[in-house]
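Q: Make a model of this:
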Amino acid sequence: MTTTTLAVLVPLLPFLGAAAGLLLGRSAPGFVRPLAVLPTLAALALAAVVAVRQGGGAAIDSATELTPTGSVPVELALHIDGFAALVAVLVGFVATCVQIYSTGYLRDDPRYPSYAALVSLFTSAMLLVVYSGDLIVLLVGWEVMGICSYFLVGHYWETPEARAASMKAFLVTKLGDVPFLIGLFALATDAGSFRITKILSTVTNGGLHHPTLIALLLLAGVAGKSAQFPLHTWLPDAMAGPTPVSALIHAATMVAAGVYFVARLLPVFEASSAAMVVLAVMAAVTMAGSGLAALAQDDIKRVLAYSTIGQLGYMTGALAVGDRGAAVFHLLSHGAFKALLFLAAGVVIHASGTNSLAAMSRMGNLRARVPDAYWTMTVALLALAAIPPFSGFFSKESVLGAAEHVATEHSGHIPGVAGWIVLVAGLLTALLTAAYAMRLWLLAFRGRGVEAPDHGRQPVAMNAVLWVLAVPSLALGGLAYRVLPNWFDGRDLTPTLTTSVLGTGVALVGGILTYGTWRQTTALAARSPLGAVAAHPEGDAGLVEAEAIASHTAAYGDVASAPDPADPGRLLLGPLHRHAAVGFHLDAVYAALFVRPVLAAASLVRFLDREVVDTYVRGAGTLPRLLGAAVRRAQTGNLQTYVSALLAGTVVLTVAVLLVATGA
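A: From the prediction side, this is the model:
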């Protein structure tokens, strides 16, 4: 079987699995789990074969024209280079882990068949984006992912949070997709084709007439899809969906699509220095802002959501300094440890028995309850904090090294200011990342919250997936930075001494500072009213708890809104904490600038329609209605009345004629 045929089957198999799952979900429920896992697993195996055959060599290109358009042709095309081959393996690997994990996590969910089918469709759409060699076909996968995210984030549609989150995710990403679509058409107009190879050839020959405009339009779509500032606000709210969905969206699909798109078309963006600076600023603001916001969140999944936004900022930062190898390297390593983080968080939530206990301030000491999640999540958090020798260290250092090279060497066509922006923001984010990673670990596994009832050991499928993902989180980076240059552009990905020392140093400072602050706040909390609750597990605990609740209710209105006295994030952020906890009020800004004006305009239109347009319509019908009423009154059915009216009319007409004749 040819490589091209195998590549076609990679996105096709999950699509067929999704279709079969939707058709057989109710009539043959026993086939649902095999149809969820096996097609995705087969797609992973085929993607690995395609990657081995491609081997980092010449790109595999194949195309056939679809229905003639009469202008710029649309082709069903494949373009598989080293980037596409490895990203497809990542997508298949994470999707398979998510499907296996979901068989345990959602085993009692009545809507599991539709959920599993949508996850398969989601996977198929992302694989189509990865392999596609035509931008219109890529756009199809791009939009299918948006629809799937809407349904999956809103899986628990009974809750208002899930309904609002799914709608927000859909609308915010569509807000970016409109200029993105315009940019695609403008790009194809300049290049005369939607084929990626022809577009890149046009860029090389200087054929783009509006590079800055096109790049900025495309960046709007990328910002929405990959949750970059200012269109990132949908991603933290998307945590209302099932935890495995969060792992899939954050690790290998959707949010990775925007970064991958820029990496694939990086020469288009490099044709405009202004666009590269904009990309660098967008990455810097995203990295720093998300790090501060993550340090203030109480929900464990929202911490990880803001973490994803920041790590995507690293990837866009690498692209802003022209190193797509470093960007995709971090995409690959991040995909492994971020999937592990979310799935381990799912085990923690599952052990707690309810999603409401995702609040870290309310978690008890869970180390003994979920040992698999404890150890694997520790590995993933070390990778996230970029502590050597975990995978995140090597990929993050490749980004910082590329930024340092552009900032100091001033070589090539990338502005030096872009390098400095990414480097400074990257180092600051490294400190913040280590700080919130340490905070999460301390609050989740060494916290002082109320311990939930023990729901027993987690399903084997869930724990097994955690250990499978722990392997690349621990070992991928040390091997990948030596091998990946042969698959990418040939640029060296070896960590440089300067950025390695700086990055690791600030990460250690962030982690140690957070740990010291936690020790201090824990000691203070032990002397607080709520600290007394933890100190009295038996005996007079009820009385102590009642006193503590009364004290905190007087101060904060209710216990749920009271700050955790042992939370180091509050002390570290100080007065900035309340702003960071709500995402620096960006949703409120959007509501004031866009939502309220649109609602006001809608109210005005409704008023004009009801009071003006409808008035004219009602007026147009009033006169015929009155005439009809008058005529109806004349139709009495009395013959004498009709004869009298006829004679009266005759007399009136006779008199009128005589008057006219006399006057004449």
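Q: Tell me where the stretch 351-500 of the chain is predicted with low confidence.
A: Confidence mapping of the stretch 351-500 of the chain against pLDDT under 70 gives the ranges 352-358, 364, 411, 448-456.
Q: which residues of it fall in helices?
A: Read by DSSP state H, counting those that start in this stretch, the stretch 351-500 of the chain holds these helices, from start to end of the chain: 371-384, 391-409, 416-445, 460-483, 497-526.
Q: Distance to residue 50 and mean neighbour count added to these, as JSON lines?
A: (Glycine included, C-beta is placed from N, CA and C.) Written out in JSON lines, the entries for those read as follows (distance: least, CB to CB, whole Å; neighbours: other CB atoms under 10 Å):
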{"stretch": "helix 371-384", "distance to residue 50": "27", "mean neighbour count": "24"}
{"stretch": "helix 391-409", "distance to residue 50": "23", "mean neighbour count": "26"}
{"stretch": "helix 416-445", "distance to residue 50": "33", "mean neighbour count": "24"}
{"stretch": "helix 460-483", "distance to residue 50": "17", "mean neighbour count": "20"}
{"stretch": "helix 497-526", "distance to residue 50": "34", "mean neighbour count": "18"}
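Q: now the ones you listed as CSV including distance to residue 208?
A: Converted to CSV, those look like this (distance: least, CB to CB, whole Å):
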stretch, distance to residue 208
helix 371-384, 38
helix 391-409, 22
helix 416-445, 20
helix 460-483, 33
helix 497-526, 33
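Q: which stretch among those comes nearest residue 103?
A: Checking the helices of the stretch 351-500 of the chain against residue 103 by CB to CB gives helix 460-483 as the closest, at 5.3 Å.
Q: what's that closest one in contact with?
A: Outside of helix 460-483, the residues within contact range by CB atoms under 8 Å, 6 or more residues apart in numbering are 97, 100-101, 103-105, 329, 332-333, 336-337, 339-340, 343-344, 346-347, 350, 372-373, 375-377, 379-380, 383, 389-395, 398, 493-495.
Q: right, and the helix or strand after the helix or strand of the chain with the lowest mean pLDDT?
A: Counting by mean pLDDT, DSSP states H and E, the weakest-scoring helix or strand in the chain turns out to be helix 541-556, with a mean of 40. The helix or strand immediately downstream of helix 541-556 is helix 568-573, counting by DSSP states H and E.
Q: For that following helix, name the packing helices and strands.
A: Judged by 3 or more CB pairs under 8 Å, 6 or more residues apart in numbering; DSSP states H and E, the packing partners of helix 568-573 are helix 273-296, helix 416-445, helix 497-526, helix 577-580.
Q: So for that helix, mean pLDDT?
A: Confidence over helix 568-573, taken as the mean pLDDT, stands at 89.
Q: then it to CSV, C-alphas only?
A: Only the C-alpha atoms of helix 568-573 are listed here, as CSV (Å, rounded to 0.1, in the frame of the first residue of the first chain):
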residue,chain,number,x,y,z
PRO,A,568,0.5,31.2,48.6
GLY,A,569,-0.8,32.8,45.4
ARG,A,570,-2.5,35.5,47.4
LEU,A,571,0.6,36.5,49.2
LEU,A,572,2.8,36.4,46.1
LEU,A,573,0.4,38.5,43.9
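Q: hey, which helix is longest across this protein?
A: helix 160-191 (DSSP state H).
Q: helices and strands around that helix, which ones?
A: When contacts are defined as 3+ CB pairs under 8 Å, 6+ apart, helix 160-191 sits against helix 135-153, helix 196-204, helix 211-225, helix 234-237.
Q: mind giving me JSON lines with these and columns for distance to residue 64?
A: Supplementary listing: the helices and strands packed on helix 160-191 in JSON lines, determined by distance: least, CB to CB, whole Å:
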{"stretch": "helix 135-153", "distance to residue 64": "11"}
{"stretch": "helix 196-204", "distance to residue 64": "15"}
{"stretch": "helix 211-225", "distance to residue 64": "26"}
{"stretch": "helix 234-237", "distance to residue 64": "36"}
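Q: so of these, which one's packed in deepest?
A: Of the helices and strands packed on helix 160-191, the one with the most neighbours on average (mean count of other CB atoms under 10 Å) is helix 234-237, at a mean of 25.
Q: Could you list every helix and strand in contact with that one?
A: In terms of contact count using 3+ CB pairs under 8 Å, 6+ apart, helix 234-237 is assigned the packing partners helix 160-191, helix 300-320.
Q: Throw those into TSV and include mean neighbour count and distance to residue 457, thanks.
A: Conversion of the helices and strands packed on helix 234-237 to TSV gives the following (neighbours: other CB atoms under 10 Å; distance: least, CB to CB, whole Å):
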stretch	mean neighbour count	distance to residue 457
helix 160-191	19	28
helix 300-320	28	20
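Q: From the chain's centroid, how far away is stretch 175-185?
A: On the basis of CA atoms, centre = their mean, to the nearest Å, stretch 175-185 is displaced by 18 Å from the centre of the chain it belongs to.
Q: what mean pLDDT does that stretch have?
A: The predicted model gives stretch 175-185 an average pLDDT of 95.
Q: Export it to CSV, keeping only CA atoms.
A: Only the C-alpha atoms of stretch 175-185 are listed here, as CSV (Å, rounded to 0.1, in the frame of the first residue of the first chain):
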residue,chain,number,x,y,z
LEU,A,175,-14.8,36.1,15.7
GLY,A,176,-11.3,35.2,14.7
ASP,A,177,-12.4,33.0,11.8
VAL,A,178,-14.0,35.8,9.8
PRO,A,179,-10.8,37.8,9.2
PHE,A,180,-9.0,34.4,8.9
LEU,A,181,-11.2,33.5,5.9
ILE,A,182,-10.7,36.9,4.3
GLY,A,183,-7.0,36.4,4.7
LEU,A,184,-7.1,33.0,3.1
PHE,A,185,-8.9,34.4,0.0
